[in-house]
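Colleague: need a structure here:
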Amino acid sequence: MSTLHAVMNRSDVRGLLIRHTGAHASEDVVSAWESGLAGYSLAECHRAFVALGPAARRATPSEIAGRCDAARDRDTGEPTPVQSAASPRATSRDYYRQAGMLGIRAVYAAMGWKRNPDHDLARSVACPFCKARAWAVCGPLSRNRAGVREMRDPVHRMHPSRLRRAQTELERANATPEQETTR
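Modeller: So this is what the prediction gives:
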């Protein structure tokens, strides 16, 4: 872009959300949107919301940021270079996830609690039942759309199918090449 725009503050983000989503935004929601749209101007975000049309009510910060980036690419005429590694946002998310895991392990060690290794193993894969992403806790869902019922295991706090998937992936990763050729 040829002109620089001021970065949005909290009241700008709140006004943008109220205008385009039609709902009152809580402080947590405003904080999430503010961090997701860091570096974008109010005008860019407003144009991205308008471009979404009626779907703007269900928009996420990443969708708006993606539309702002696409608009910037169109304005300059040259696309931004594709990064070979993960995006900076994904890299920082992974960094904070790892720091959180280290912090949790430190608390468990300081308190003398025993950490269940199967819990970390289960969290390393996506849940096939509730569709929770890897490293996210399973939702409280006990029956899916197909009517299949699966209660979370109170020890692991995950659905049993998630633990089974993690164990099979671990076995597959640890399998020797001779075992794979005998199938």
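
Colleague: residues in contact with A32?
Modeller: For A32, the contacting residues are P61, by CB atoms under 8 Å, 6 or more residues apart in numbering. Using the backbone N, CA and C atoms, a C-beta is placed for each residue, glycine as well.

Colleague: where does it fall, secondary structure wise?
Modeller: Using DSSP states H and E, A32 sits within helix 27-36.

Colleague: what does R97 give?
Modeller: Counting by DSSP H and E, R97 is found in helix 88-111.

Colleague: so which elements touch that helix?
Modeller: If you count contacts as 3 or more CB pairs under 8 Å, 6 or more residues apart in numbering; DSSP states H and E, helix 88-111 packs onto no helix or strand.

Colleague: ok, and what's touching the helix or strand just after that helix?
Modeller: Downstream of helix 88-111, the first helix or strand assigned by DSSP H and E is helix 117-123. The contact list for helix 117-123 (CB under 8 Å, 6+ apart) reads 101, 134-137, 155-158, 162-163, 166-167, 170.

Colleague: off-centre distance for helix 117-123?
Modeller: 19 Å (CA atoms, centre = their mean, to the nearest Å).

Colleague: mind listing what's buried along that helix?
Modeller: L121, A122, R123 (16 or more other CB atoms under 10 Å).

Colleague: reformat those residues as JSON lines; add distance to Y108 and pLDDT.
Modeller: Shown next, in JSON lines, are these (distance: CB to CB, whole Å; pLDDT from 0 to 100):
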{"residue": "L121", "distance to Y108": "16", "pLDDT": "87"}
{"residue": "A122", "distance to Y108": "17", "pLDDT": "89"}
{"residue": "R123", "distance to Y108": "15", "pLDDT": "87"}
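
Colleague: export those residues to CSV and tack on distance to G66?
Modeller: Formatted as CSV, those follow (distance: CB to CB, whole Å):
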residue, distance to G66
L121, 33
A122, 31
R123, 27
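
Colleague: and of the residues you listed, the nearest to C45?
Modeller: Of all those, R123 has the smallest distance to C45: 33.6 Å, by CB to CB.

Colleague: and the protein, what are its domains?
Modeller: 10-76, 87-115, 116-183 (automatic domain parsing).
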